[in-house]
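Participant: output the structure for:
(one chain, ligands or ions: 2)
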Amino acid sequence: MRNPRNIVKPLAIGAPTPPLEIPVRPSRMIHFFDPSNERMAIKVPDIAKKVDILLGNLEDAIEVKNKAAAREGFVKIANATDFGSTQLWTRVNSLDSPWFLDDVMTIMAEAGDKLDVLMVPKVEGPWDIHYVDQLLAQLEAKHGVQKPILVHAILETALGVANVEEIAKASPRMQGMSLGPADLAASRRMKTTRVGGGHPGYLVREDPPGGDVDAPRAIAQQDLWHYTMARMVDACAATGILPFYGPFGDIKDAVACEDQFRNAFLMGCVGAWSLHPGQIDIARRVFSPPPDEVAWAVRVIDEMGDGSGTVMIDGKMQDDATVKQCKVMVELAKLIAERDEDMAKAYGMA
Ligand code: GLV
Ligand code: MG
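Facilitator: Numbering: from 1, shown residues only. Ligands and ions are numbered 1, 2, ... in the order given. Next up is the predicted model:
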């Protein structure tokens, strides 16, 4: 049991008060970079202008010999760069690794005031979040960090999925969650070696025409991630935090990447990871509501007046519920328009 009156009180004396509401900011792409790679580090100030979230990756994809360099590189970049309104996140190593503690201690001591969100991989249950929550409060207090650091969990183990609701509500610091299809596939013993996306073997097939089992039949690939995404979106929406699709590994298959991202957008996700500069524009396009839908939503809201009753618009029934759906679209468009001039023009909100 937790005392409900203490839920949004600091967990350490001198730490900032955790937020009552998670701020909703444009978060269409979490762009990953390797802080140990000097060639990439040089590009950070330019990339920061093009993305909603920039994330220094310390975990998987960083070679063991570069773990310390990535941590130090992140601190250096965090302090040397003006990120403007772009969010700065880091993905630290997992809680069972030999690097997690040094990652968090170093970053909080040396760049705590620059960091918005700590992404924690391989979260298995609320106990992981409780530990990170207490540790962050202690380090915020110790280093005089003014703004509470938020926590983002990667949903990438079978146990994590089984505990998804408990993880979502484990702390007021919980900012959101990303689906991690690669680790999750391994943890579940799924038989795919891809990073996200569909699989040609996971399909449904049309019935035999006229009972002829040898006749050609249409097939349609299904989305391997639908079940997990749906659980994650519900857990996040129910607790006021933000769901994200994670990585799409086939960098050259921009079309399938866009499809996977759009499925996530339609189901309620706010963004996805970009692992390559080519995926930034895909995420930007997909996670900004389409201008024609925004125009339609504005029209429905206008014609519905006080929002009650029903009206027919172009043969489509509108009522209180459709006004709420339309408000989701318009509010997101307004938020994005404040940050993205091209989208502001496309929405007529410039
Ligand atoms: C991401 O970390 C994944 O495992 O898919
Ligand atoms: Mg992973």
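
Participant: tell me which element the residue in the stretch 101-250 of the chain that ligand 2 sits nearest to falls in.
Facilitator: In the stretch 101-250 of the chain, the residue that lies nearest ligand 2 is residue 183 (3.6 Å; CB to the ion). Every residue, glycine included, has its C-beta placed from N, CA and C. If you go by DSSP states H and E, residue 183 is part of helix 181-188.

Participant: pull the distance from that helix to the chain's centre.
Facilitator: 17 Å (CA atoms, centre = their mean, to the nearest Å).

Participant: let me know the average pLDDT across the next helix or strand along the chain from it.
Facilitator: Counting by DSSP H and E, the next helix or strand C-terminal to helix 181-188 is strand 203-205. Mean pLDDT, strand 203-205: 97.

Participant: and the contacts of strand 203-205?
Facilitator: 217-222 (CB atoms under 8 Å, 6 or more residues apart in numbering).

Participant: picking up where we left off before, helices or strands up against the helix holding residue 183?
Facilitator: Under the contact definition 3 or more CB pairs under 8 Å, 6 or more residues apart in numbering; DSSP states H and E, helix 181-188 sits against helix 158-162.

Participant: buried set for the next helix or strand after the helix it packs on?
Facilitator: Note on helix 158-162: by DSSP H and E, the next helix or strand toward the C-terminus is helix 164-168. Neighbour counts over helix 164-168 (16 or more other CB atoms under 10 Å) mark 164-165, 167-168 as buried.

Participant: return the list of helices and strands in contact with helix 164-168.
Facilitator: Applying 3+ CB pairs under 8 Å, 6+ apart, one finds that helix 164-168 contacts helix 126-143, strand 150-155, strand 174-179, helix 226-239.

Participant: let me have those in JSON lines, adding distance to ligand 1, mean neighbour count and mean pLDDT as columns.
Facilitator: Compiled in JSON lines, those are given as follows (distance: least, CB to the nearest ligand atom, whole Å; neighbours: other CB atoms under 10 Å; pLDDT from 0 to 100):
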{"stretch": "helix 126-143", "distance to ligand 1": "15", "mean neighbour count": "19", "mean pLDDT": "98"}
{"stretch": "strand 150-155", "distance to ligand 1": "5", "mean neighbour count": "26", "mean pLDDT": "98"}
{"stretch": "strand 174-179", "distance to ligand 1": "7", "mean neighbour count": "26", "mean pLDDT": "98"}
{"stretch": "helix 226-239", "distance to ligand 1": "11", "mean neighbour count": "18", "mean pLDDT": "98"}
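
Participant: so can I have TSV of the ones you listed showing distance to residue 212?
Facilitator: Below are the helices and strands packed on helix 164-168 laid out as TSV (distance: least, CB to CB, whole Å):
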stretch	distance to residue 212
helix 126-143	54
strand 150-155	44
strand 174-179	40
helix 226-239	31
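
Participant: hmm, residue 106 is touching residue 68, no?
Facilitator: No. Using CB atoms under 8 Å, residue 106 is not in contact with residue 68, being 9.1 Å away.

Participant: spell out which parts of the stretch 1-150 of the chain neighbour ligand 1.
Facilitator: residue 60 (CB under 6 Å from any ligand atom).

Participant: just the helices in the stretch 1-150 of the chain please.
Facilitator: 38-50, 67-80, 100-111, 126-143 (DSSP state H, counting those that start in this stretch).

Participant: so which of those helices comes closest to residue 318?
Facilitator: Among the helices of the stretch 1-150 of the chain, the nearest to residue 318 by CB to CB is helix 38-50 (37.1 Å).

Participant: which helices and strands does the closest one pack with?
Facilitator: Partner elements for helix 38-50 (3+ CB pairs under 8 Å, 6+ apart): strand 29-33, strand 53-57, helix 67-80, helix 277-287.

Participant: report the buried residues of that helix.
Facilitator: For helix 38-50, by 16+ other CB under 10 Å, it's 40-41, 44, 47-48.

Participant: so where is the stretch 151-300 of the chain shaky, pLDDT-wise?
Facilitator: Scanning the stretch 151-300 of the chain for pLDDT under 70 picks out nothing.

Participant: most surrounded residue in the contacts of strand 203-205?
Facilitator: Neighbour counts for these, by other CB atoms under 10 Å, peak at residue 221, which reaches 14 neighbours.

Participant: just to revisit the earlier point, save the contacts of strand 203-205 as JSON lines, and put in distance to residue 270 and secondary structure too.
Facilitator: JSON lines is the format used below for the contacts of strand 203-205 (distance: CB to CB, whole Å; DSSP: H, G, I helix; E, B strand; the rest coil):
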{"residue": "217", "distance to residue 270": "38", "secondary structure": "coil"}
{"residue": "218", "distance to residue 270": "34", "secondary structure": "coil"}
{"residue": "219", "distance to residue 270": "32", "secondary structure": "strand"}
{"residue": "220", "distance to residue 270": "27", "secondary structure": "strand"}
{"residue": "221", "distance to residue 270": "25", "secondary structure": "strand"}
{"residue": "222", "distance to residue 270": "24", "secondary structure": "coil"}
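
Participant: before I go, just wanted to say thanks for your time.
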